[in-house]
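[1] Fold the following for me, if possible:
(one chain, ligands or ions: 1)
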Amino acid sequence: MRERLGDTFDPIAVPDLPTPDPDLDRSVAELRRLREAIAGLAHSEVELGDIADRLAEAADLLEPRVPEPARRLEAMWTGAGSRRANPVGGPENPIAPPVRFFGCDDGSVTAEVTLGLAYQGPPGCVHGGISALIIDHMMGFANHWGGRYGMTAHYEIDYRSPTPLLRPLTFRSWVDEVDGRKTWTKATIHAGDRLCVEARGLFLEASVAVPGHPDRRSTVGDGA
Ligand SMILES: CCCCCCCCCC(=O)SCCNC(=O)CCNC(=O)[C@H](O)C(C)(C)COP(=O)(O)OP(=O)(O)OC[C@H]1O[C@@H](n2cnc3c(N)ncnc32)[C@H](O)[C@@H]1OP(=O)(O)O
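    Here you go, the predicted structure:
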C-alpha cells in the first residue's frame, strides 16, 4: 500500500452509470444551472418577478408527479443503484456539486472540481462542510476502488489553507492502511500546488438494511 502519492496520475475514467431515465438527468442538469445562476444573483439589481412565477409553475407541475419517498428509496436501490442519486456528483441529485471521480492505476482516486457560489463558506472560499462532504464520499470511493468497503466510523480533517471558490481544485484519496474490518483512508484537496485540506478516515466493514428490499443488505461503498 503506498503511503504517499506521487505528483503524476494516469486517471482511468470510471464509466458513467447508465441512466434509466434521460429526462430525469436532464431535469437535474437544468436545476443545477438554476442553482448556480440563483446563487450568483445580487440583491435588488435584477428583476426576478417573472422568473419566480415560472419556477412556481414548474414546481406546481412537478409536485403532483412525485411518488412517495418510500417508492423513491426502493427505486434508488434497484438497477443503477444509489450512486446515481448520491449527494456528491450523483446525476440524479440536484444538490450535488459537479464532481467526477477517476480511478488511478496506483489504486488512488482523483477528481477535478470547480465549486461555485452556492458552496461558499468564508468570503470567496469553499465551506468547510462541503469539503468534508466531498472528502467523506471520496474516501468511500477510494475504498471501493481499492477493493475495500465500509461505513465511516471516524474521520479527522485539517484545513491547512483557504480553499478557493471558482478555481479548479484537485481532490485525491487513497487507502492508507487495512487491518481486518478496518480501513484507514487519506484524502487531500489542493488548489494548484497549495495544500488546502487533508483528512484521514476510519471505515469499518458493516452493512445496512436496504429500504424496500427486506432480504437485502448493502455494504456501504460496494458501488450498489
Ligand atoms: C463507489 C461508491 C462509493 C460510496 C461511498 C459512500 C461513502 C459514504 C460514507 C458514509 O457517509 S457512511 C455514513 C456515516 N457513517 C455512519 O452512519 C456509521 C454509523 N456507525 C455505525 O453504524 C457503527 O458505529 C459502525 C458500523 C461504524 C461500527 O459499529 P460496529 O458495532 O461494527 O463496531 P464495533 O463497536 O464492533 O468496533 C469495531 C472496532 O472498531 C473500533 N471503532 C468503532 N467505532 C470507532 C470510532 N468511531 N472510532 C475509532 N474506532 C472505532 C472499535 O474500537 C473496535 O476496535 P477493535 O476491534 O480494535 O476493538
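
[2] How about the protein: which residue is closest to the ligand?
    Nearest to the ligand in the chain, going by CB to the nearest ligand atom, is Gly140, at a distance of 2.5 Å. C-beta here means a position set from N, CA and C on the backbone, and glycine is covered the same way.

[3] Mind checking the pLDDT average for whichever strand or helix holds that residue?
    Using DSSP states H and E, Gly140 falls within helix 128-145. The average of the pLDDT scores along helix 128-145 is 95.

[4] same deal with stretch 185-200?
    Computed over stretch 185-200, the average pLDDT equals 98.

[5] Can you tell me which residue is spatially central in the chain?
    Val88 (1.4 Å; CA atoms, centre = their mean).

[6] in its sheet, what does the helix or strand of the chain with the lowest mean pLDDT sit against?
    Least confident helix or strand of the chain, by mean pLDDT, DSSP states H and E, is strand 11-13 with a mean of 76. Pairing partners of strand 11-13, with direction, according to DSSP bridges: strand 101-104 (antiparallel).

[7] May I have the partner strand exported as PDB, CA atoms only?
    The C-alpha trace of strand 101-104 is given here as PDB (Å, rounded to 0.1, in the frame of the first residue of the first chain):
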ATOM      1  CA  PHE A 101     -14.100  10.700  -9.900                       C
ATOM      2  CA  PHE A 102     -11.300   9.000 -11.700                       C
ATOM      3  CA  GLY A 103      -9.800   5.800 -10.600                       C
ATOM      4  CA  CYS A 104      -6.000   5.700 -11.000                       C
END
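
[8] is that strand anywhere near the ligand?
    No: applying CB under 6 Å from any ligand atom, one finds strand 101-104 out of contact with the ligand, separated by at least 8.2 Å.

[9] What average pLDDT does that strand get?
    91.

[10] Over to stretch 78-86?
    74.

[11] Start and end of that stretch, how far apart?
    This stretch, stretch 78-86, spans 14 Å end to end (CA to CA, to the nearest Å).

[12] hang on, the earlier thing: identify each buried residue in the helix holding Gly140, please.
    130-145 (16 or more other CB atoms under 10 Å).

[13] next helix or strand past that helix?
    Following helix 128-145 toward the C-terminus (DSSP H and E): strand 151-159.

[14] For that following strand, enumerate the helices and strands it packs against.
    helix 128-145, strand 194-204 (3 or more CB pairs under 8 Å, 6 or more residues apart in numbering; DSSP states H and E).

[15] before we move on, back to that, contacting residues around the least confident helix or strand of the chain?
    Here strand 11-13 makes contact (CB atoms under 8 Å, 6 or more residues apart in numbering) with 100, 102-105, 110.

[16] go with 6 Å
    102-104, 110 (CB atoms under 6 Å, 6 or more residues apart in numbering).

[17] What of stretch 127-135?
    By CB under 6 Å, 6+ apart, stretch 127-135 touches 88, 119, 121, 157, 159, 163, 187, 197, 199.

[18] Columns distance to Leu31 on top of those, output as CSV?
    Below are the contacts of stretch 127-135 laid out as CSV (distance: CB to CB, whole Å):
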residue, distance to Leu31
Val88, 16
Tyr119, 15
Gly121, 22
Ile157, 29
Tyr159, 29
Thr163, 24
Ala187, 28
Val197, 27
Ala199, 29
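
[19] who wins for most neighbours among the residues you listed?
    Ala187 (28 neighbours; other CB atoms under 10 Å).

[20] for that residue, what are its contacts?
    Neighbours of Ala187 in contact, by CB under 6 Å, 6+ apart: 135, 138-139, 173, 199.
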